[in-house]
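A.B. asks: After the sequence you'll find the predicted model.
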Amino acid sequence: MNPTKQIAFSGDLVAIPKEPSISEQLAKLTNRVDTLHQQHAQLSARYQTLKAKGEVSEEEDSTLLNDVIIFSQLEDAAIRALAEFKCQIEVQGPSVLETAQKVSSLFQTLRGNVVKETPTSIIPKPVSPSEVTFGPISEIIETSLPIAQSYLDRANDLPDRCESLEDYIQIDRDQQRLRSDMDKFTTMIRGTAAHHGVTLAGPYLRLQIDGQEIDSPFTAYLKNATDRLADSQETRHPQQLALIKQKYEARDMGAGGDCFFRSIIGSMTKNKSDADSQHLELRRQLADHMRENKNYYANSILALQTAGDEWFRVLTSNTTGGTVVERYINSLRKQSVWGGGEAETQAMSDALQRPIVIVGADHVQIIHPYKDSGQEPVVITHGSGHYRAMLPKTSGV
């Protein structure tokens, strides 16, 4: 029997840097709307003046068209940003939601003005796929292609087999970082191309024109890298599962709705008595952490509401006052209230600064912390709604 080990929760917790509030972000968007509106008014006034004088040259047509395209792309980007804020806005309250709706309405009005005030003579005609050239972004493509190729190289360098769970965790982390880098890259290239009036669509940056999609020079690198990541992950999963089952065994730390918290402590201390005595404190510390960083976890929680999740309804009806996100978090403080969903597992990993490995019947899920302290991972198993600790086969409880 291992001696009792008290987990130093306060030392293990890590605060996630706070992002600008939704109100601050919406204020920036509102200022951007005002700027765009002024640019549009100047654009229209210049065109009308030239038109009245009969001085609308081809060069002016080209300049005006470019400005309209830039205006439209900035507008679209801001609308997408507002859409992404939709879930977080609920956390801040209805007054901010009303502000967002006003901003969105203003965007729509501006979009209508662009359509009505843009002369048909400067609207570009559809181009057939056979006539496609990348023109203004040719240089961008040339300088960015090595980056896309590097993603394929990184994907090919990922090993399919390792000898330890820690190595598998590192590979999974590298793979997630690669996916994140690819997402940021495609977002940047799409935005840059749109600024020049070229539409590159989807994760593989295919050229979209006249209702058709055509491979761009990026497409092969990004698609092959994505396929390689999927194949590598599919190969690793059964190997990870076999390795864990060979070196670890499941130990029940208790049930009654507290199994997630009990299994976490049991995995960390290898002691069932610690799970019995400390799981309520772990609940409190996790709820404190999630409350302090509620905007960071709000999307995961609100996704349950959007999906009509029954357990979300039960949890949020257990407490009163505050937003649904606050009620969800507060319910986790109560003994016997089941926890262990996506938001809680990510928050637990972040708070403990350790990876959490969740073993299922035929798969392994690895949750990576916001900041990794380098301590050993927490290994637990889940099946039929119940969590158990996974301990090295030489461990006692």
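C.D. replies: In hand now; what should we look at?

A.B. asks: can you map out the strands along the stretch 201-350 of the chain?
C.D. replies: Taking DSSP state E, counting those that start in this stretch to define them, one finds strands in the stretch 201-350 of the chain at 206-209, 212-214, 248-251.

A.B. asks: list the buried ones in the shortest one?
C.D. replies: The one in question is strand 212-214. Neighbour counts over strand 212-214 (16 or more other CB atoms under 10 Å) mark residue 213 as buried. From N, CA and C alone the C-beta is placed, and that goes for glycine too.

A.B. asks: quick check: mean pLDDT across it?
C.D. replies: What strand 212-214 shows for mean pLDDT is 80.

A.B. asks: same thing with the last one?
C.D. replies: If you average the pLDDT over strand 248-251, you get 94.

A.B. asks: Make 418 the first number, not 1, from now on.
C.D. replies: Sure, I'll start counting at 418 from here, so that last one is strand 665-668.

A.B. asks: what packs against that strand?
C.D. replies: Packed against strand 665-668 by the contact rule (3 or more CB pairs under 8 Å, 6 or more residues apart in numbering; DSSP states H and E) you find strand 803-809.

A.B. asks: Quick check: buried residues in the strand it packs on?
C.D. replies: By 16+ other CB under 10 Å, the buried positions in strand 803-809 come out as 804-808.

A.B. asks: Return it as PDB; C-alpha atoms alone will do.
C.D. replies: Output of strand 803-809 as PDB, limited to C-alpha atoms (Å, rounded to 0.1, in the frame of the first residue of the first chain):
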ATOM      1  CA  HIS A 803     -17.500   5.100 -15.900                       C
ATOM      2  CA  TYR A 804     -13.900   6.300 -15.400                       C
ATOM      3  CA  ARG A 805     -11.100   4.100 -13.700                       C
ATOM      4  CA  ALA A 806      -7.500   4.800 -13.100                       C
ATOM      5  CA  MET A 807      -4.800   3.000 -15.200                       C
ATOM      6  CA  LEU A 808      -1.800   2.100 -13.000                       C
ATOM      7  CA  PRO A 809       1.500   0.400 -13.900                       C
END
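
A.B. asks: Give me the contact list for it.
C.D. replies: 661, 664-670, 672, 676-677, 679-681, 683-684, 687, 692, 757, 774, 776, 796-799, 814 (CB atoms under 8 Å, 6 or more residues apart in numbering).

A.B. asks: From the residues you listed, keep the buried residues only.
C.D. replies: With neighbours counted by 16+ other CB under 10 Å, these contain buried members at 661, 665-670, 676-677, 679-681, 683-684, 687, 692, 757, 774, 776, 796-799, 814.
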